[in-house]
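Enquirer: Dropping a prediction and its sequence here:
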Amino acid sequence: MNYLALEKIIEAVSARLLARRWRMATAESCTGGWVAKCCTDRPGSSAWFDRGYITYSYESKVELLAVEAELIVRHGAVSEAVARQMAVGACQSQHVQAALSITGIAGPDGGTADKPVGTVWFAWYADTGLPRSECMHFKGDRDSIRSATVAYALRGMLGYLEVLDGV
């Protein structure tokens, strides 16, 4: 991961959130809180970053983020429907106006024919609009898949905020 490039993305995300007087949350599964860690590495992040949920198990997605258990059964935890509900659930706080979510298979095990290792679903949500979601397929070992996922999630958040700002 190019940390300098990542710092610039986080700087841009924080500027957009601060301009709106918004706070952000993360809902992470396969990254285990890595996005939240990168955000809170930035001094002053408490002005725009509120909380991070690490929802690795099915139960935690249901209990902490109000993901419908039936969606997990029907679509699997690594799915667009679950990613969207994770983002919306993370944003259901009176203190948070924007959220991103990540659910994926970082490997080395856990992949299937239709969801191979490296499959990651993302969602971005703001309480003023509809969630945006996207699926990516990353190559490499567990660490490189997770690293690419963190960078993609933050670039996606910046892009989502730019769309909301009409850029």
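Expert: Here it is on my side, so go on.
Enquirer: contacts, neighbours, all on C-alpha from now
Expert: Noted.
Enquirer: Just want the most central residue of this protein.
Expert: With distances taken as C-alpha atoms, centre = their mean, the residue of the chain nearest its centroid is Ser101 (2.7 Å).
Enquirer: Quick one: the strands in this structure, in order.
Expert: Under the criterion DSSP state E, the chain contains strands at 24-28, 49-54, 98-104, 119-126, 132-137.
Enquirer: Switch these over to JSON lines; also include mean pLDDT.
Expert: JSON lines is the format used below for those (pLDDT from 0 to 100):
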{"stretch": "strand 24-28", "mean pLDDT": "98"}
{"stretch": "strand 49-54", "mean pLDDT": "98"}
{"stretch": "strand 98-104", "mean pLDDT": "98"}
{"stretch": "strand 119-126", "mean pLDDT": "98"}
{"stretch": "strand 132-137", "mean pLDDT": "98"}
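Enquirer: Distance to Thr40 for those - can I get that in TSV?
Expert: Shown next, in TSV, are these (distance: least, C-alpha to C-alpha, whole Å):
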stretch	distance to Thr40
strand 24-28	11
strand 49-54	7
strand 98-104	15
strand 119-126	18
strand 132-137	24
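Enquirer: how about those strands, which one is nearest Leu4?
Expert: strand 49-54 (19.6 Å; C-alpha to C-alpha).
Enquirer: can you pull up the bridge partners for the residue nearest to the centre of the chain?
Expert: Note on Ser101: beta-bridge partners by DSSP bridges are Ala27, Ala123.
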